[in-house]
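A.B. asks: I'd like to go over a predicted model; first the sequence, then the structure.
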Amino acid sequence: MDLHLRDLRYFETAAEAGHLGRAADRLARSQPALSKCIQRLEEAFGSPLFERAGRGIRLTPVGEVLLARARMLRGAAEDAMREVSDFARGHAGHVRIGSGPIAADHLLPELCRLALADGAGTTIDIVTGSSTDLWQSLREGRLDLQIGLTADRDPDLVSHAIVKDVVVVAASPTHPVFAQRRITMEALLAYRWALPTPTIASRQWIDAAFASVGLARPTVQIEANTIPLLPRMVARTELLSFVSRHTLALQRDTDVLKEVRLAATTLRRSLGVTHRRAGYLSPAAARILALLRARGPALFRQPLQDTGRA
């Protein structure tokens with residue numbers, strides 16, 4: 001059975017669009033040509049890849065499997081093209097970096113400055129998002145490096161820890177929680193919270209921390225998928241939040257937050273750089289990886305050590 005990368009690309013576009021007409025427009029191809037491509041794939045695999053869903057289409061279980069493999073194959077093909085092109089042209093190449101919010105604030109500006117100083121021909125794409133989404137993009141070959149939470153248990157990825165990160169409950173220094181003689185998890189539930197969206201790992205952890213001891217989850221009044229927004233929003237309210245000590249250390253004189261010290265609501269984790277175990281790294285990506293492994297801790301402007309007092 002012969003598979004053509006073009007057919008897989010067309011199939012992938014149709015799956016993402018959920019509509020043959022829209023997919024054909026994106027590809028600048030006719031809808032009948034796109035339909036024939038899908039028919040070829042269905043005949044090759046002996047199974048339908050799509051089913052009707054209202055006015056659009058959706059993947060069958062077989063189609064879901066093929067989509068995952070198609071993305072991996074496309075990533076491998078793009079890796080091969082980039083590797084040969086880099087070798088033929090003899091230039092530094094291009095690097096695609098995915099970053100979590102903490103790394104974006106603390107590390108990326110100086111990292112990019114150093115990378116461009118070392119390689120004038122280097123070009124960089126930066127995408128920010130949740131670690132879960134970035135890991136998936138990394139597996140599919142849409143990113144070269146991910147900077148943020150380490151993926152220690154993923155067999156397809158390799159992570160190198162850079163710094164320890166500690167995430168804590170925080171509030172305005174005038175928050176009434178600090179007037180309590182003894183702060184408990186139950187006491188924290190008396191207040192409303194500003195938290196990341198449920199897709200963010202730190203939000204999942206704090207919800208699970210309360211649930212694990214039989215308590216309700218925090219009552220969320222403000223929810224944001226951009227974590228750096230939270231401290232500024234919380235500082236002038238009576239809301240609690242859940243933020244990194246790195247973020248607390250870099251606060252300006254205005255909008256200051258204070259840590260609510262409670263061991264049961266303190267998350268300790270590693271931040272680092274991750275790449276695919278078998279993926280191609282351009283010279284630029286390899287250089288940035290080496291830079292992070294050698295100088296990563298110093299690139300955080302004010303790296304914090306876990307004092308163990310929480």
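C.D. replies: Yep, it's here.
A.B. asks: in the stretch 201-310 of the chain, what spans have low per-residue confidence?
C.D. replies: For the stretch 201-310 of the chain, residues meeting the criterion pLDDT under 70 lie at 251-255, 300-310.
A.B. asks: now do 50
C.D. replies: 302-310 (pLDDT under 50).
A.B. asks: What are the boundaries of the strands in it?
C.D. replies: Secondary structure of the stretch 201-310 of the chain (DSSP state E, counting those that start in this stretch): strands at 219-224, 241-244, 258-260, 267-276.
A.B. asks: just checking, what packs against the third one?
C.D. replies: If I follow you right, that is strand 258-260. Contacts defined by 3 or more CB pairs under 8 Å, 6 or more residues apart in numbering; DSSP states H and E place strand 258-260 against strand 157-171. All C-beta spots, glycine's among them, are computed from the backbone N, C-alpha and C.
A.B. asks: Check the longest one too.
C.D. replies: Helices and strands touching strand 267-276, by 3+ CB pairs under 8 Å, 6+ apart, are helix 131-139, strand 145-149, strand 157-171, helix 201-211, helix 283-299.
A.B. asks: quick one: Thr184 from Leu267, how far?
C.D. replies: For Thr184, the distance to Leu267 (CB to CB, to the nearest Å) stands at 18 Å.
A.B. asks: Can you pick out the residue with more neighbours from these two?
C.D. replies: Leu267 (17 against 12; other CB atoms under 10 Å).
A.B. asks: Chain neighbours aside, what residue packs nearest to that one?
C.D. replies: In space, and not counting its chain neighbours, Leu267 is closest to Val167: 4.1 Å by CB to CB, 6 or more residues apart in numbering.
A.B. asks: Please name the residues that touch Leu138.
C.D. replies: Gly98, Asp144, Leu145, Gln146, Leu157, Thr274, His275, Arg276, Gly279 (CB atoms under 8 Å, 6 or more residues apart in numbering).
A.B. asks: now Ala285
C.D. replies: Counting by CB under 8 Å, 6+ apart, Ala285 makes contact with Gly93, Val95, Arg96, Asp144, Leu145, His275.
A.B. asks: Backbone torsions only: list them for the second one.
C.D. replies: Dihedral angles phi and psi of Val95 (degrees, to the nearest 10) take the values phi -130, psi 140.
A.B. asks: And it, how far from Leu107?
C.D. replies: Counting by CB to CB, the gap from Val95 to Leu107 is 15 Å.
A.B. asks: cool, the fourth one as well?
C.D. replies: As judged by CB to CB, Asp144 and Leu107 stand 16 Å apart.
A.B. asks: got it, and the fifth one?
C.D. replies: Relative to Leu107, Leu145 is positioned 12 Å away (CB to CB).
A.B. asks: quick revisit: and which of the contacts of Leu138 is nearest Ala77?
C.D. replies: Nearest to Ala77 out of those is Gly279 (CB to CB; 12.3 Å).
A.B. asks: Test my guess that the closest one contacts Asp144.
C.D. replies: Yes - contact criterion CB atoms under 8 Å: Gly279 and Asp144 qualify, at 7.3 Å.
A.B. asks: In terms of neighbours, single out the busier of those two.
C.D. replies: Taking neighbours as other CB under 10 Å, Gly279 and Asp144 compare with Asp144 leading, 27 against 19.
A.B. asks: what's the closest non-adjacent residue to that one?
C.D. replies: Ala285 (4.2 Å).
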